[in-house]
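J.: Just the structure for this:
(2 chains)
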Amino acid sequence: MTDCGSFEKPELVCPAGTPAALRTAVDAGADAVYCGLANETNARNFAGLNFSAQALEQSIVYAHQRNAKVLMAVNSFATAPRTSLWHDAVDIAANAGADAVIVADIGVAAYVAANHPDLRLHLSVQAGASSPEAIRYYCKEFGVRRVVLPRILTVGEISAIHREIPCEIEAFVFGNIGMMSEGRCSLTNYAAGISTNMHGVCSPASAVRYVGNSDGSTSAELGPFDIDCYSAQQPTGYPTICKGRYTTPDRSEPYYAFEEPISLNLSSLLPDLMRAGVTALKIEGRQRSRSYVHMVVSAYRRAIDDISAGLQPDLTGLAALTEGGKETQGAFKTKKWR
Amino acid sequence: MKGHDLTIGPVLFHWTADKKRDFWFRIADEAPVDAAYIGEVVCSKRTPFFDRHLEEVALRLVSGGKKVVWSTIAEVVSKLDRNVVGSVCSLDDAEIEVNDASALGSVSGRPHRIGQYMNVYNEGTIRHLARNGANHFCLPAELPLATIQELSSAAKLCGASTEVQVFGRVSLALSARCYHARAHGRTKDNCLFVCENDSDGMALETHSGKPFLSINGIQTLSDRYLGLSSEIRSLCQAGVSALRLSPHSFDMVEIASAYRKLVDGEIEADELNKMLDGIGVPQPFMNGFVHGQPGYERVSGLPGH
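T.: Sure, this is the predicted structure:
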């Protein structure tokens, strides 16, 4: 029996890479969905993904009719001299009736506070606000109502932060695990000339190449760098720098210097997270398919409802959806991850 | 370019206390630089080793005619991180360089600097931070020249100045996990300070043996050294007033002297590169970011707008 002690039922926040995925997530029981415009103003600026202003408007109507909220990510960093693109994105979100904008950039936050004081402001994980002092600064200066915490904190630390900040907490529970401190990574720009912060892209497909080697192995390259190499028997992965294999002077056998390709799955920590004071549980994956979104959202919907009703949740099906079938509790369970 | 400041950034690596003290004493006595940034930026666990020397280092730098700036930790998660930031910010009369939003509240209303780990990409951010008391911005390393120019203009309107790193490995990412410890089968909590073994970072190579990145605890740096030379005139014309040299175990006094000569117009970019080669700094240098190209690249010609 799960101890359902003292917590309020959290909001389930789900990814919507496309209008179709948004409808899928809403229908599967999302309390809120998050999405972005099809340009550089959000951190999942991938080809074929995201929303036009018109699609956003229609999707918000769909969600609101079903009592789901729409949170719009404007969470890359407005880059001079293109700053107005980010301001326009905020205006579009406000005009379309978005329930909140999720921002990382101080300049964009200041723009929202000055021009849309009634628009709810969430601080993106990309802001990298990992201490109560940092979070309080954003709350005081811009009226931030919710912070999305970096995926580098233990549940205990989240609980401690909760007691020291005046805003709500949203925490990631499932999906890709961010290895580098979000919003502070220029690795893709170093290798490929496209910036995660300035263009909203990490490891863009346009810079990826698979090269067959004479021994039957396949190299996965990003720009000119072979991020990983797979033997003929191994399935090939996608070359993300922080999940590649490298050698050091002391380790001649390539190893995962940062992290293995693995997914975050905090299903077993859900009761702890709820008790830690987390208001919203977030599922990562705007780049994922509708069927993936459907399965993950449905499973988490049931789990949250079960835990809230004092029942033991069943999340066994989720392991099949994790990257390479491997899952981790990342930084959340123990400091040993660090 | 004469009249532009040269600065020495914070020591990013975990040098022994003696090595670090001797380094700063020599910079204080011999390096032709205008300002020096002291304090631990990467890992708060390292601070107990050097804390007792910081004051004598600061005094020596001041008597050497250098402005001393205290840099704060770039990623603040643990209680220790927070305490370290708090103690730097509580120093009376010290000029502080803020590297994480954690410090912004405590320096509010007091003149301070913004370091290159803060995400400053647009005019609105400059204006907001200037209102909070910032009077100098060391800009993120990944910016192209056109952005640097816009930000320098915005800073000037706020009565603030800008600085850009021109030498040394470039910080590309921070993490809560220590990759130095991981490489040695340890975790951050039981790292035994293994990062001390690599005074300029631990090399990461790709499968095919290509040098790629350099690990410094929780920080990931470029393998290549940034070496801006012909770009410096463009940076100064764009409104940048200070040029940062990031410390390495090479002879930083000689490196600073070479850059001083370039800034003072005594030598040309080619000569600077030859001098740096003579000092033993690995080449080719990277310069791609300011050109709007992949950062690792060595681009010839002048950066466009």
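J.: C-alpha from now on. contacts and neighbour counts both.
T.: Noted.
J.: Would you point out which residue is most central in the chain?
T.: Going with chain A. A:E284 (4.4 Å; CA atoms, centre = their mean).
J.: The residue nearest to that residue when sequence neighbours are not counted: what's it in contact with?
T.: The shortest distance from A:E284 to any non-neighbouring residue, by CA to CA, 6 or more residues apart in numbering or on different chains, is to A:G175 (4.8 Å). Contacts for A:G175 (CA atoms under 8 Å, 6 or more residues apart in numbering or on different chains) come out as A:S263, A:L264, A:N265, A:I283, A:E284, A:G285, A:T322.
J.: go on, A:A110?
T.: A:F142, B:G124, B:T125, B:H128.
J.: same thing but 10 Å
T.: A:H116, A:P117, A:Y138, A:E141, A:F142, A:G143, B:G124, B:T125, B:R127, B:H128 (CA atoms under 10 Å, 6 or more residues apart in numbering or on different chains).
J.: Of those residues, just say which sits nearest to B:F13.
T.: Lowest distance from B:F13 to the contacts of A:A110 (CA to CA) belongs to B:T125, with 29.3 Å.
J.: Output the helix or strand where the closest one lies in PDB, but only the C-alpha positions, please.
T.: In this structure, B:T125 sits in helix B:123-131 according to DSSP states H and E. The C-alpha atoms that make up helix B:123-131 are tabulated as PDB, following Å, rounded to 0.1, in the frame of the first residue of the first chain:
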ATOM      1  CA  GLU B 123      19.500  43.700 -25.300                       C
ATOM      2  CA  GLY B 124      16.700  43.000 -22.900                       C
ATOM      3  CA  THR B 125      18.900  40.800 -20.800                       C
ATOM      4  CA  ILE B 126      21.600  43.500 -20.800                       C
ATOM      5  CA  ARG B 127      19.100  46.200 -19.800                       C
ATOM      6  CA  HIS B 128      17.600  44.000 -17.000                       C
ATOM      7  CA  LEU B 129      21.000  43.000 -15.500                       C
ATOM      8  CA  ALA B 130      22.300  46.600 -15.800                       C
ATOM      9  CA  ARG B 131      19.300  47.800 -13.800                       C
END
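J.: For the stretch 101-250 of chain B, which segments count as strands?
T.: Along the stretch 101-250 of chain B, counting by DSSP state E, counting those that start in this stretch, strands occupy B:112-114, B:134-138, B:161-174, B:202-205, B:211-216, B:219-227, B:242-245.
J.: Let me know which of these is the nearest to A:V74.
T.: Closest among these, using CA to CA: strand B:161-174, at 21.4 Å.
J.: Now the longest helix along chain B: buried residues?
T.: In chain B, taking DSSP state H as the definition, the longest helix is helix B:47-63. Of all the residues in helix B:47-63, those buried under the rule 16 or more other CA atoms under 10 Å in any protein chain shown are B:T47, B:F50, B:L54, B:V57, B:A58, B:R60, B:L61, B:V62.
J.: now stretch B:181-191
T.: Under 16+ other CA under 10 Å, the buried positions of stretch B:181-191 are B:A181, B:R182, B:A183, B:R186, B:T187, B:K188, B:C191.
J.: likewise stretch B:34-47?
T.: B:34-44, B:46-47.
J.: contacting residues for whichever residue of the stretch 51-200 of chain A sits closest to chain B?
T.: Proximity of the stretch 51-200 of chain A to chain B (CA to the nearest CA) peaks at A:G193, 3.5 Å away. Contacts for A:G193 (CA under 10 Å, 6+ apart) come out as A:186-187, A:207, A:223, B:142, B:288-289, B:291-297.
J.: got it, and B:S214?
T.: A:248, B:169-172, B:198, B:200-205, B:220-224.
J.: let's see it at 6 Å
T.: B:G201, B:M202, B:A203, B:L204, B:T220, B:L221, B:S222, B:D223 (CA atoms under 6 Å, 6 or more residues apart in numbering or on different chains).
J.: Check B:V98 too.
T.: B:T72, B:I114, B:G115.
J.: phi, psi of B:F285?
T.: phi -70, psi 150 (degrees, to the nearest 10).
J.: Which parts of chain B are helices?
T.: Assigned by DSSP H, the helices in chain B fall at B:17-30, B:47-63, B:79-89, B:123-131, B:145-157, B:179-183, B:231-237, B:252-263, B:269-279.
J.: Other residues contacting the last one?
T.: Contacts to helix B:269-279, defined as CA under 6 Å, 6+ apart, come from residues B:S229, B:S230.
J.: can you do 8 Å?
T.: So helix B:269-279 is contacted by B:S229, B:S230, B:F250, B:D251, B:E254, B:I255, B:A258, B:Y259, B:L262, B:Q283 (CA under 8 Å, 6+ apart).
J.: rewinding a little: rank the contacts of A:G175 by pLDDT and give me only the lowest.
T.: Lowest pLDDT of these: A:T322, 70.
J.: ok, that one - how many residues close by?
T.: A:T322 has 19 neighbouring residues, counting by other CA atoms under 10 Å in any protein chain shown.
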